[in-house]
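> from the sequence below, what's the structure:
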Amino acid sequence: MFYRFTSRGRHVRTCDVFQKQTRRNMNVVNKAKNLFQISKGKTKEVTGKVTRNRDVESAGANDQHKGHLKQVGEKVKDAIDEL
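Down below sits the predicted model:
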(Lines give C-alpha, C1' and ligand atoms only; values in the text may rest on other atoms or scores of the structure.)
Protein backbone atom coordinates (compact mmCIF):
# COMPACT_ATOMS: atom_id res chain seq x y z
CA MET A 1 0.00 0.00 0.00
CA PHE A 2 1.34 3.41 -0.92
CA TYR A 3 1.19 6.28 1.53
CA ARG A 4 2.04 9.93 1.30
CA PHE A 5 2.39 12.71 3.83
CA THR A 6 -0.13 15.50 4.15
CA SER A 7 0.72 19.06 5.12
CA ARG A 8 -0.02 18.12 8.75
CA GLY A 9 2.45 15.25 8.70
CA ARG A 10 -0.12 12.45 8.66
CA HIS A 11 0.06 9.37 6.50
CA VAL A 12 -2.71 9.12 3.92
CA ARG A 13 -3.34 6.30 1.52
CA THR A 14 -2.71 7.39 -2.06
CA CYS A 15 -5.95 5.84 -3.29
CA ASP A 16 -7.91 8.05 -0.85
CA VAL A 17 -6.26 11.13 -2.32
CA PHE A 18 -7.11 10.05 -5.87
CA GLN A 19 -10.71 9.30 -4.89
CA LYS A 20 -11.13 12.80 -3.46
CA GLN A 21 -9.63 14.37 -6.59
CA THR A 22 -11.87 12.28 -8.81
CA ARG A 23 -14.92 13.30 -6.78
CA ARG A 24 -13.97 16.97 -7.12
CA ASN A 25 -13.46 16.63 -10.87
CA MET A 26 -16.80 14.89 -11.33
CA ASN A 27 -18.46 17.60 -9.26
CA VAL A 28 -17.12 20.27 -11.62
CA VAL A 29 -18.23 18.27 -14.67
CA ASN A 30 -21.73 17.78 -13.23
CA LYS A 31 -22.06 21.49 -12.46
CA ALA A 32 -21.01 22.36 -16.01
CA LYS A 33 -23.58 19.91 -17.43
CA ASN A 34 -26.28 21.45 -15.26
CA LEU A 35 -25.40 24.97 -16.39
CA PHE A 36 -25.50 23.79 -20.00
CA GLN A 37 -28.96 22.32 -19.44
CA ILE A 38 -30.14 25.61 -17.94
CA SER A 39 -28.82 27.62 -20.88
CA LYS A 40 -30.28 25.12 -23.37
CA GLY A 41 -33.65 25.48 -21.65
CA LYS A 42 -33.46 29.26 -21.78
CA THR A 43 -32.70 29.08 -25.51
CA LYS A 44 -35.65 26.77 -26.09
CA GLU A 45 -37.94 29.00 -24.06
CA VAL A 46 -36.97 32.14 -25.96
CA THR A 47 -37.30 30.30 -29.27
CA GLY A 48 -40.76 29.14 -28.25
CA LYS A 49 -41.78 32.69 -27.36
CA VAL A 50 -40.51 34.09 -30.65
CA THR A 51 -42.19 31.40 -32.75
CA ARG A 52 -45.28 31.38 -30.52
CA ASN A 53 -44.90 27.65 -29.98
CA ARG A 54 -46.03 26.87 -26.44
CA ASP A 55 -44.76 23.30 -26.52
CA VAL A 56 -41.17 24.40 -27.16
CA GLU A 57 -41.53 27.20 -24.63
CA SER A 58 -42.72 24.86 -21.88
CA ALA A 59 -40.06 22.27 -22.75
CA GLY A 60 -37.45 24.99 -22.32
CA ALA A 61 -38.86 26.02 -18.96
CA ASN A 62 -38.82 22.37 -17.86
CA ASP A 63 -35.16 22.02 -18.89
CA GLN A 64 -34.30 25.11 -16.86
CA HIS A 65 -36.09 23.77 -13.79
CA LYS A 66 -34.33 20.41 -14.09
CA GLY A 67 -30.96 22.13 -14.34
CA HIS A 68 -31.67 24.28 -11.30
CA LEU A 69 -32.79 21.27 -9.26
CA LYS A 70 -29.65 19.37 -10.21
CA GLN A 71 -27.55 22.37 -9.14
CA VAL A 72 -29.26 22.30 -5.75
CA GLY A 73 -28.41 18.59 -5.50
CA GLU A 74 -24.75 19.35 -6.21
CA LYS A 75 -24.74 22.03 -3.52
CA VAL A 76 -26.21 19.54 -1.04
CA LYS A 77 -23.47 17.04 -1.94
CA ASP A 78 -20.84 19.74 -1.37
CA ALA A 79 -22.30 20.58 2.03
CA ILE A 80 -22.31 16.91 3.05
CA ASP A 81 -18.71 16.43 1.91
CA GLU A 82 -17.61 19.39 4.02
CA LEU A 83 -18.96 17.78 7.20
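
> chain center to the longest helix seen in the chain: distance?
Criterion DSSP state H: the longest helix present in the chain is helix 14-51. Relative to its chain's centre, helix 14-51 lies at 5 Å (CA atoms, centre = their mean, to the nearest Å).

> okay, Asp81: pLDDT?
For Asp81, the pLDDT comes out at 82.

> report the central residue of the protein.
Closest to where the C-alpha atoms of the chain average out (CA atoms, centre = their mean) is Lys31, at 2.3 Å.

> surely it and Gln71 touch.
Yes. Applying CB atoms under 8 Å, one finds Lys31 in contact with Gln71, separated by 6.9 Å. C-beta: built from backbone N, CA, C; applies to glycine.

> any idea how far Lys40 lies from Met26?
Lys40 is 21 Å from Met26, where distance means CB to CB, to the nearest Å.

> which one's more surrounded, the two?
Taking neighbours as other CB atoms under 10 Å, Lys40 and Met26 compare with Lys40 leading, 14 against 10.

> just checking, that one touches Ala61?
No. Applying CB under 8 Å, one finds Lys40 not in contact with Ala61, separated by 11.8 Å.

> tell me how many other residues crowd Glu57.
So Glu57, with other CB under 10 Å, has 18 neighbours.

> what of Asn53?
Residues lying near Asn53 (other CB under 10 Å) number 13.

> can you spell out which helices and strands pack onto the longest helix of the chain?
Secondary-structure packing of helix 14-51 (3 or more CB pairs under 8 Å, 6 or more residues apart in numbering; DSSP states H and E): strand 3-5, helix 54-82.
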